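Undergrad: Build me a structure from this.
(chains A and B)
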Amino acid sequence: MSFPWARQYEPKNGLTKFLDEKLPLPRLVYNAVGAGYPVPRNLSYFWNFGVLAGFFLVVQIVTGVVLAMHYAANAQVAFATTEHIMRDVNWGWLMRYAHANGASFFFIVVYLHIFRGLFYSSYKAPREMIWLLGVVIFLLMMATAFMGYVLPWGQMSFWGAKVITGLFGAIPIVGEPIQVWLLGGFAPDNAALNRFFSLHFLLPFVIAGVVILHIWALHIPGSSNPTGVEVKSESDTVPFHPYYTAKDGFGLGIALLAYFALVFFLPNALGHPDNYIEANPLSTPAHIVPEWYFWPFYAILRAFTVDFFFVPAKLMGVLAMFASILLWFFLPWLDKSPVRSGHYRPLFRKFFWFGLIPAMIVLFICGGAPAEEPYVILSQIATAYYFIHFLVILPIVSSVEKPEPLPYSITEAVLGSDKTMVKGENTAPAV
Amino acid sequence: MADTTATANPETPTAGEDGVRRRDFLDIAAVSAAGIGGLAVVYPLVSQMAPSKDVLAASSTEVDISSIEPGQAIKAVFRKQPLFVKRLTPAEIEAANATATGSLRDPQSLADRTKEGHEDILVTMGVCTHLGCVPLGAAEGEVKGEFGGYFCPCHGSHYDTAGRIRKGPAPTNLEVPEYEFTSDTVIQVG
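TA: The predicted structure follows:
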């Protein structure tokens, strides 16, 4: 579906006419990211991160396929082949640093993409399905990133694998058998390494599939925009190409500068030096931390230090960590406010900037810090706020808040007036 | 990336008298930068599949030739491929020298294919130049082909006593790798 004023694809020469009849790929591209896809004219740079996430998925798949050509998923040689990639393979260091930092950048842009969705309520009708698929992508990313980090078979790899599979051990009765089954042994070893490699190779393609669904679902209602007011007429939109191909291209240039600054000059800044020590099942590093992109969730996991009635602290932590993300699946129905954009929601905005964001920052810092005071109490407070924000504050705010007046249309928001505007209608909450 | 700037809105009314717009310059500059960037990405992606440093480092082999009797050959391994080192008998040398070089498919004399002062030591790859099978004739009792050298059983290439192609589909003589005598009894290949 698209807006009725979308430009129509017209094959110009013999080849495109032939293709249009047999396999209309050019038409698909034209309608999806070409001049045939009308997009709100007022998108800010916060709308770049979807394209950037797609770009980094491609970077990860390309560099990952290359690394798999030189890596051997065997506990005897995994660490050595990783060093072989770094020292012997032509440009191997570049491939591995691009892959490791590519994962970090994938998470950076996806977190900004999620942040955009949270502030502008991109999850609200009619875009619930896009949001739900996005949460699925994020969960798949977390699983993929975790298993990828195990592959170099360093100390952090090994103990990360042990700790994360240990989460499943928290489940009553069946937990331990599940952990043993996941690892194919009693501790991470060859069996675990092999299956993690297999799944680490598979899941990115599953992600790519869900990304296609995510984009498909997006193209039904079309993109949201910073006002949250739906597109009303042709003057509210511009064709995706050249307007947003150019804007996304510029954003991509900036992202690449940051990315390669890290790849070339600080390639290990986001990694942990202990992972350059080969896995040793008999010695745990003094301070084990996951990769930075897991820190907020790791902080929630560790926030539970005492048993809740009959639920052991270990299980509570695991449940809370999974719940903190599964919660997002219910967001479209927790936030009932008909106004989407945070720009027009004074109360929501306060809780967002002075509640949720500080809580996330605290969780992020605490997740990377050792499990000692004051980090424990801080992560407990932040965890409590995190859940209260989504489960209590958001539903209450959406019912008591008086939103600020919305613009009549995107055109009016941009130009100050809209020719199609009917007099006296501009005060109505047009959503 | 390239298509992000490939076309600008044709309605942009900034064309000068010569019909060239400022936007045209930006388009060309951006697409060129993306193109050069793309090539810079392709180069390492292609290069990574070439032999790595450890493979190249392992491409030198020493062979002790002291125990090879005239008429005997030994097989060694060079770059993970068989290497034939043969000590020719006087009769084999004579047979090789008796052949007119000009009549050969790949004209080379025995002297071209051996080291001065060691004309009886023939070092060749044990890899048929047709499609890469290992020819027979190096080990005791193997078929030596119609010309008394090597015979490739895959597609019937016959090599003479100097390892030169004489009959069959192979295009060139058995390859003589780079090697040198480090002493009278030891050669270093590669």
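
Undergrad: Give me the neighbour count for residue B:52.
TA: Applying other C-beta atoms under 10 Å in any protein chain shown, we find 17 residues neighbouring residue B:52. Heads up, the C-betas are built off the backbone N, CA and C, glycines and all.

Undergrad: Which residue does the stretch 1-150 of chain A have closest to chain B?
TA: residue A:91 (3.6 Å; C-beta to the nearest C-beta).

Undergrad: residues contacting that residue?
TA: Going by C-beta atoms under 8 Å, 6 or more residues apart in numbering or on different chains, residue A:91 touches B:44, B:45, B:47, B:48.

Undergrad: Now with 6 Å, please.
TA: B:44, B:47, B:48 (C-beta atoms under 6 Å, 6 or more residues apart in numbering or on different chains).

Undergrad: Give the helix, strand or coil label for the closest residue to it other than its chain neighbours.
TA: Distances taken as C-beta to C-beta, 6 or more residues apart in numbering or on different chains place residue B:44 nearest to residue A:91, at 3.6 Å, with adjacent residues excluded. Per DSSP: H, G, I helix; E, B strand; the rest coil, the secondary structure class of residue B:44 is helix.

Undergrad: What count of nearby residues applies to residue B:44?
TA: Around residue B:44 there are 17 residues (other C-beta under 10 Å).

Undergrad: Mind pulling up the pLDDT for it?
TA: The score at residue B:44 is 95. That number is its pLDDT.

Undergrad: Against chain B, how distant is residue A:246?
TA: Computed as C-beta to the nearest C-beta, to the nearest Å, the residue A:246 to chain B distance reads 6 Å.

Undergrad: do the same with residue A:207
TA: Distance from residue A:207 to chain B, by C-beta to the nearest C-beta: 21 Å.

Undergrad: Could you do residue A:289 as well?
TA: Where chain B is concerned, residue A:289 sits at a distance of 31 Å (C-beta to the nearest C-beta).

Undergrad: Which helix or which strand is home to the closest residue to chain B within the stretch 101-250 of chain A?
TA: In the stretch 101-250 of chain A, the residue found nearest to chain B is residue A:249; the distance is 3.2 Å by C-beta to the nearest C-beta. Take DSSP states H and E as the rule and residue A:249 turns out to sit in helix A:245-265.

Undergrad: Could you check how many residues crowd around the nearest residue to residue A:8 once chain neighbours are set aside?
TA: Excluding the flanking residues, the one nearest residue A:8 by C-beta to C-beta, 6+ apart is residue A:36, at 6.8 Å. Neighbour count of residue A:36, defined by other C-beta under 10 Å: 19.

Undergrad: So in chain B, where's the weakest helix or strand by average pLDDT?
TA: Ranked by mean pLDDT, DSSP states H and E, the helix or strand of chain B with the weakest confidence is helix B:53-57, at a mean of 86.

Undergrad: which outside residues touch that one?
TA: With contact meaning C-beta under 6 Å, 6+ apart, helix B:53-57 is reached by residue A:88.

Undergrad: and what of stretch A:183-199?
TA: Taking C-beta under 6 Å, 6+ apart as the rule, stretch A:183-199 contacts A:73, A:75, A:147, A:150, A:151, A:158, A:161, A:162, A:165, A:281.
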